[in-house]
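Asker: Quick check, what structure comes out for this input:
(2 chains, ligands or ions: 1)
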Amino acid sequence: MIRFRPVQLGVGGAAECRLCGGREAPSRRDAVAVAEEFSVLADEWNAAPGPNVLLCGCEPFSHPDLPEIVGAAVAAGTERIGLLTDAIALGEADNASGAIASGVRYVEAILLAPNAAEHDRLSGIPGSFDAAVAGMEALVHAASVAEEKVALVGRVVVCPHTLKSLPEITLVFAKASASAVRYVVRKELCASRLEWVFAALDTAVVSRMWGWVDGVSLELLGDRALHAEAAVVVEGGASS
Amino acid sequence: MSGEGFLKVALVALNATGYQSLALGYIRAFAQADPRLQGKVGFTTLDLSADLDPWWLAYRLAQLKPEVVGISVMCWNRCLVCDLCSILRKALPDVRIVLGGPEVGPIAEEVLARNSALDVIVRGEGEETFAELLHAYVKGTPVWRVDGVTCRREGGIVSSPDRGLLSRLDDVPSPYLAGVMQPNEGTAYIETYRGCPHSCGYCFEGKGYGRIRYFSNERVEAEVDALFSAGVRTFSFIDPVFNLTRDRLVWLSGVLAPYVARGLRLHTVEVDVEHIDSTAAKLLRAAGVVSVETGPQSVGPEALRICKRAFDRERFASGVAALKAEGIAVECDLIVGLPGDHTSDVLDGMRFVVGLDPGIMQMSTLHVLPGTDLWNRADELGLDMMNELSHEIVCSQEIGFTDLRRLEALGSAITGVYRARLESTT
Ligand code: SF4
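Answerer: Down below sits the predicted model:
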């Protein structure tokens, strides 16, 4: 419902479990080129509210020029600056407060599993689950200290390895004070296995969060068709 | 009390955090000004927040040893008031418990029948009736003879005839000028009229107060001047429609402008946005208005018809644009679960409001308030409410329980993402 335009900072981010998604070798885009994209985008933006951008493609915090990039987005008049992140670096040093101070107001955080053992196995990064949870907590805390409104939304790519953990992953997001969870369902996932997605959507609602599904037809959603309604529409999708 | 002594009265309001009760201030100021009660009745006001514990409230009241406790009941505090009254009845067996307010007045007999702790309910506009009630207590005359009350009599429940509305609002003293209410953190409430020209099905204002009655211009001007001189720099106008007519807006703007130049600001006045053009927006700005609140509540044609609300997309959008052009923040409100609205209408409403980019958007689930048109037609319209205490709807004929909860979750997520933004510096 609220549109964001994806702006690629590079390639090689880790939105999917490593058993499914082939990882590209990480690379970063030139900050000047990204800044130019913000200006073009602001000029072209033709429907309120906005302009809004989601920085994605590679892990934003791995980009050495992230502060300058966010600064350029602010200077271009961007209203909502979002990060698609594995949330690990949010808990480090003053990254969370720094991001908010520089203008970030939307964070879409990725989880692959509801516990450290499974998440770390799927991400291939030891300690990544605990760090991600700490990162989300740091973000919420920093927003409260700064008295700024910052939206935290969870993101899970639904694959055979994350499927049965979806309700529990949803609860981890709820505990971290996320306001919604985006479930990105991989095309090859069989329609007969959507029960786990449905359970996750119901878990979201009873946890007072919105859950929405990318990649499943209204027909398949049946009486949960309302869950096709995205709180945040990333035009053309967002990869990380 | 038999009629000779001194009657101790405690007045209680339980507000949303940060708010005060102007209604309670009026009730007390009016009664205190009644010569028949002077020297015979003493008042204490507890103007508190609704997040307090009923046991603690009862404890505080018990310390005051009142003979009469008067409590203002609103939709947000009815459960708390119910608990408080049950405790009070046991803790202070002889106290007379009197309730008033839109939440109980229209269903007074039902409320008394349900709750044996209660003695009297004041129906409708409360100032005159409450003063008359106190007079009856002081004189020891029967309460049921007071117009506008519902009370117990000989084991039953009786309602006296309705009391007519006050013919001159100026007869109600300003609670601030009477010294019974203090501005809260530099903010004071101002009311310039009662009643509403509209009669939206979910709202009590138009129906409950009937015709529009005004405080005199002189009274409003004097109150504004006195409050500003006392250091108040923020006014909250509680008028149902601040831009009621163009003439009135011109007058109010003229009254307030000199104070605006010296720092006065008005927050969140209610406006009829479809009657705002660039001239009206400029008048609002000159009046010191920094934020307004408005509908559309729904954009669904059927819900609008049932609720007797007019809505014109273009006019609404152009009103919001005119306000934004003057730097006035607009809060657009939507009600989820209105009869006639399907999920697609609610989604359409969300999209419409998001697309206007008003500044603030607010969504709430329908509460069917006693005395409103929707309350009277709830069965016919298929509105299922939670219970007799909470009038939030569980489902409507058009939207089932689960989709209603989903819409609440979606609305809350969207408002969260919407408000998380950088303010434009351009
Ligand atoms: S909702 Fe507003 S316009 Fe409608 S009757 Fe109530 S006060 Fe009047």
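
Asker: what about the residue nearest the centre of chain B, distance to B:Leu64?
Answerer: In chain B, the centroid-proximal residue (C-alpha atoms, centre = their mean) is B:Met74; its distance is 7.5 Å. Per C-beta to C-beta, to the nearest Å, B:Met74 is found 22 Å from B:Leu64. (Each C-beta comes from the backbone N, C-alpha and C, glycine too.)

Asker: do the same with A:Val158
Answerer: The gap separating A:Val158 from B:Leu64 is 61 Å, by C-beta to C-beta.

Asker: Same question for B:Ala113.
Answerer: With C-beta to C-beta as the criterion, B:Ala113 and B:Leu64 are 28 Å apart.

Asker: Pull out the buried positions in stretch B:181-198.
Answerer: Buried positions in stretch B:181-198, judged by neighbour count with 16 or more other C-beta atoms under 10 Å in any protein chain shown: B:181, B:183-184, B:187-196.

Asker: Tell me which residue of the stretch 1-150 of chain B lies closest to chain A.
Answerer: B:Gly18 (15.7 Å; C-beta to the nearest C-beta).

Asker: got a list of what that residue touches?
Answerer: B:Ser49, B:Asn184 (C-beta atoms under 8 Å, 6 or more residues apart in numbering or on different chains).

Asker: Give me the phi and psi for it.
Answerer: phi 90, psi -10 (degrees, to the nearest 10).

Asker: next one: B:Ile190
Answerer: The phi/psi pair for B:Ile190 (degrees, to the nearest 10) is phi -130, psi 140.

Asker: OK, contacts around it?
Answerer: Contacts of B:Ile190 by C-beta under 8 Å, 6+ apart are B:Val220, B:Glu223, B:Val224, B:Leu227, B:Phe235, B:Ser236, B:Phe237, B:Ile238.

Asker: mind redoing it with 10 Å?
Answerer: B:Ile190 sits next to B:22, B:174, B:176, B:215, B:220, B:223-224, B:227, B:232, B:235-239, B:252, B:256, B:266, B:269 when contact means C-beta atoms under 10 Å, 6 or more residues apart in numbering or on different chains.

Asker: can you tell me the distance between the two ends of stretch B:259-270?
Answerer: 20 Å (C-alpha to C-alpha, to the nearest Å).

Asker: Give me the buried stretch members for that stretch, please.
Answerer: So, applying 16+ other C-beta under 10 Å, buried residues of stretch B:259-270: B:Tyr259, B:Val260, B:Leu264, B:Arg265, B:Leu266, B:His267, B:Thr268, B:Val269, B:Glu270.

Asker: Spell out whether the longest helix anywhere in chain B and chain A are in contact.
Answerer: Counting residues, the longest helix in chain B under DSSP state H turns out to be helix B:401-419. Yes - for helix B:401-419, a contact with chain A is found by C-beta under 10 Å from any C-beta of the partner chain, at B:402-403, B:405-419.

Asker: buried residues in that helix?
Answerer: Buried, per 16+ other C-beta under 10 Å, within helix B:401-419: B:403-418.

Asker: any idea how far B:Cys196 is from chain A?
Answerer: 30 Å (C-beta to the nearest C-beta, to the nearest Å).

Asker: Wait, that residue touches B:Ile238, no?
Answerer: No - at 11.7 Å, B:Cys196 does not count as touching B:Ile238 under the criterion of C-beta atoms under 10 Å.

Asker: Let me know the next secondary structure element after the longest helix belonging to chain A.
Answerer: Of all segments of type helix in chain A, defined using DSSP H, the longest is helix A:128-146. Sequence order places strand A:151-158 as the next helix or strand after helix A:128-146, per DSSP states H and E.

Asker: So what are the sheet partners of that following strand and their directions?
Answerer: Counting by DSSP bridges, the strands paired with strand A:151-158 are strand A:104-110 (parallel), strand A:180-185 (parallel).

Asker: Ok, which of those strands comes nearest the ligand?
Answerer: strand A:180-185 (30.0 Å; C-beta to the nearest ligand atom).

Asker: so how far is the closest one off the chain centroid?
Answerer: Chain-centre distance of strand A:180-185: 9 Å, with C-alpha atoms, centre = their mean, to the nearest Å.

Asker: what is the rounded mean pLDDT of that strand?
Answerer: The pLDDT scores in strand A:180-185 average 95.

Asker: ditto for stretch B:124-135
Answerer: 97.

Asker: what's the straight distance from one end of stretch A:161-169 to the other?
Answerer: Terminal residues of stretch A:161-169 are spaced 12 Å apart (C-alpha to C-alpha).

Asker: Can that stretch be said to contact chain B?
Answerer: No - using C-beta under 10 Å from any C-beta, stretch A:161-169 stays clear of chain B, with a minimum separation of 15.4 Å.

Asker: How about residues contacting that stretch?
Answerer: Stretch A:161-169 is contacted from outside by A:16-20, A:111-115, A:118-119, A:121-122, A:154, A:156, A:158, A:172, A:181, A:183, A:185-186, A:189-190, A:193-204, A:207, A:211, using C-beta under 10 Å, 6+ apart.

Asker: for it, which positions count as buried?
Answerer: By 16+ other C-beta under 10 Å, the buried positions in stretch A:161-169 come out as A:His161, A:Thr162, A:Leu163, A:Ser165, A:Leu166, A:Pro167, A:Glu168, A:Ile169.

Asker: for stretch B:112-119, same thing?
Answerer: Neighbour-count burial for stretch B:112-119 flags B:Leu112, B:Asn115, B:Ala117, B:Leu118, B:Asp119 (criterion: 16+ other C-beta under 10 Å).

Asker: Let's see which of these end up in helices.
Answerer: Reading helices off these with DSSP H, I get B:Leu112.

Asker: Give me the residue ranges of the chain where confidence is low.
Answerer: Answering for chain A, as no chain was given. A:22-23, A:237-240 (pLDDT under 70).

Asker: other chain: chain B
Answerer: Of all residues in chain B, those with pLDDT under 70 make up the ranges B:1-4, B:206-210, B:387, B:389, B:424-426.

Asker: domains for it, by residue range?
Answerer: Following automatic domain parsing, one finds the domains of chain B at B:7-159, B:183-425.

Asker: Just tell me which of the ones you listed ends up closest to A:Thr85.
Answerer: Between A:Thr85 and the domains of chain B, the tightest spacing by C-beta to C-beta is seen for domain B:183-425, at 15.6 Å.

Asker: quick check, distance from that closest one to the centre of its chain.
Answerer: 12 Å.

Asker: so does that domain get close to the ligand?
Answerer: Yes - using C-beta under 6 Å from any ligand atom, we find that domain B:183-425 touches the ligand at B:Cys196, B:His198, B:Ser199, B:Cys200, B:Cys203, B:Glu205, B:Gly206, B:Pro240, B:Val241.

Asker: If anything else comes up later, I'll come back, but that's it for now.
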